[in-house]
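1. the following comprises the amino acid sequence and a computationally predicted model.
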Amino acid sequence: QVQLVESGGGLVQVGGSLRLSCAASGRTFSSYCMGWFRQAPGKEREFVAHISWSGARIYYEDSVKGRFTISRDNAKNTVYLQMNSLKREDTAVYFCAARSNGGTGYDTARSYPYWGQGTQVNVSS
């Protein structure tokens, strides 16, 4: 089992940047695949990015490709989401999630059993 705590959210202007962090507890963090999801008011939770346990496989949702970068530091039990060129439509609560299996389903929230509490990102014009 793993516990996840996100941080780094806040208010930023359009075109600005933020870096989200997700700190994981437990000694087996390096064995988990990690994902970032977001949920805007009145909308379903949606996939943002995924990174495999080794960092060798990375996937992004189309609207964030070229703007967001997911990375991980297994020595620090932390996964990051660097968000650049932020848009108003990026406003949401951002969640990190963990799963022990790889393969298909990386973009599906129900395939992740472990979740953080979320961190709010607000992008204003």
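-> Thanks, I have the structure now. Numbering: from 1, shown residues only.

2. how near is residue 28 to residue 1?
-> Residue 28 is 9 Å from residue 1, where distance means CB to CB, to the nearest Å. Any C-beta I mention is one placed from the backbone N, CA and C, and that applies to glycine too.

3. neighbour count winner among these two?
-> residue 28 (13 against 9; other CB atoms under 10 Å).

4. any idea how far the more buried one lies from residue 34?
-> Residue 28 is 12 Å from residue 34, by CB to CB.

5. kindly provide the distance from the most centrally placed residue in the chain to residue 8.
-> Central residue of the chain (CA atoms, centre = their mean): residue 36, 2.2 Å from the mean position. Residue 36 sits 11 Å away from residue 8, going by CB to CB.

6. what's the overlap in contacts for these two?
-> Taking CB atoms under 8 Å, 6 or more residues apart in numbering as the contact rule, the neighbours common to residue 36 and residue 8 are residue 20.
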